[in-house]
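Student: sequence and predicted structure are below.
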Amino acid sequence: MQRIYFDNAATTSLDPQVLEAMMPYLTEKFGNPSSIYSYGRETKMAIENARKTVAKLLHCNPGEIFFTSGGTESSNTAITAAVRDLGCGHVITSPIEHHATLHTAENIAKSGQARLSFVNLTENGQVDLAHLESLLAGSPEKTLVTLMHANNEIGNLLDVAAVGELCKKYNALFHCDMVQTIGHYPIDLSSLHIHFASSAGHKFHGPKGVGILFINEEIKIHPMLNGGAQERNMRAGTENLYGIVGYAKALELAMQKQQEDSDYVRGLKDYMAQRVTESFPAATINGENGSKALYTVLNISFPKTDKSEMLLFNLDMAGICVSGGSACSSGANSISHVIKALYNGRSENMVPIRFSFSKQNTKEEIDTVIEKLKELV
């Protein structure tokens, strides 16, 4: 049975050119980057060249890029450091953030290190900027705003520039989870008022287990991990050398054909939305559409019936890989926190499915999925 993979927001396949760039560092170039002899020097140089590549593509300084194990570590580090090292006594986030953000903020609030506020959402699940401003204006403490650029389940895009300007106005720090957008959109960090940004390589055909944390050079935080001088004393431990090389190569490839690939993938999403709307009049598209939404993600709710209740399971049995929400909680049967927040308690009679696309998908695959859905729904 041939599988159809429509869960690219969870992870993407490794680009063969990325693997090719990584291979020398998995074989003959195996030196520890902290060693002073030639084996170490050549691997240290590979890491610094990767850092320069990433910084150039994201329009920031190489000294602002720190390599991590991925988006979760980056977001945890940024939020924790803002409270612990930078004096933030108030954290503002939204109820539809990734759990890497939500759980970190909730744990900080539970332990009494800072108070936590949730910004209201509009009917379509967008952050209510007027409410965000009122929360900032009414905050006597130094504040961290932590909001994602694109929601990983429904695809809503945040107006990052507008949030940055509000943070600037009220002297707040801004952490942006860019895990779903770096590698998919041209990002110019120099033009945005952002203090921290998170990214993960496996979202744009790079390797798993590697990401970055952008830390604006205007701020200084304490080490994330102690025990070594790696990452300019910021993150102890021998570097994920081949992962770092792969991350930089994947980002470079993604940006080379960004316009062409995004136009193609957007076409797939629009085609799927059109086919679903025609074939299933009772289905609803969750979140925003068009330019206000991520071009890779389409989240559809089907009415809950005896047949549709096992939809995810039955699609899997048919070789179709999709998800009900975030990959980090895909083992759970319950409706995701994002859909619950979006529908405010009215989500029990729906079966939400997230379809997420990449440049490797085709319209023929969409047609196959629609026919299978007709059988199952």
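Tutor: Right, received. Where do you want to start?
Student: show me what the spatially closest residue to Ala197 that is not a sequence neighbour bridges to in the sheet.
Tutor: If you skip the residues right next to it in sequence, Ala197 has Phe214 as its closest partner in space, 4.0 Å away by C-beta to C-beta, 6 or more residues apart in numbering. (Each C-beta comes from the backbone N, C-alpha and C, glycine too.) Counting by DSSP bridges, Phe214 forms beta bridges with Ile65, Ala197.
Student: try Val351
Tutor: Val351 forms beta bridges with Phe302, as assigned by DSSP bridges.
Student: check the gap between it and Gln113 for me.
Tutor: Per C-beta to C-beta, to the nearest Å, Val351 is found 39 Å from Gln113.
Student: same check, this time on Tyr39
Tutor: Tyr39 is 43 Å from Gln113, by C-beta to C-beta.
Student: what's the burial count for the residue nearest to Ala197?
Tutor: Using other C-beta atoms under 10 Å, Phe214 is surrounded by 27 other residues.
Student: cool, the one 3 residues further on as well?
Tutor: Neighbourhood size, Glu217 [other C-beta under 10 Å]: 10.
Student: for it, helix, strand, or coil?
Tutor: coil (DSSP: H, G, I helix; E, B strand; the rest coil).
Student: hmm, back to that, the residue nearest to Ala197 against Leu192, yeah?
Tutor: No: using C-beta atoms under 8 Å, Phe214 is not in contact with Leu192, being 10.1 Å away.
Student: quick one on the thing from earlier: neighbour count winner among Val351 and Gln113?
Tutor: The neighbour comparison of Val351 against Gln113 (other C-beta under 10 Å) goes to Val351, with 21 against 14.
Student: now that one: how far from Ile335?
Tutor: 9 Å.
Student: cool, and Val210?
Tutor: 31 Å.
Student: who has more neighbours, the two?
Tutor: Val210 (26 against 18).
Student: for the more buried one, which non-adjacent residue is closest in space?
Tutor: Gly243 (3.4 Å).
Student: okay, and that neighbour sits in which element?
Tutor: helix 241-256 (DSSP states H and E).
Student: which SSE is immediately downstream of that helix?
Tutor: Using DSSP H and E, the helix or strand that directly follows helix 241-256 along the chain is helix 258-279.
Student: that following helix: which residues count as buried?
Tutor: Within helix 258-279, the residues that count as buried by 16 or more other C-beta atoms under 10 Å are 261-262, 264-266, 268-269, 271-273, 275-276.
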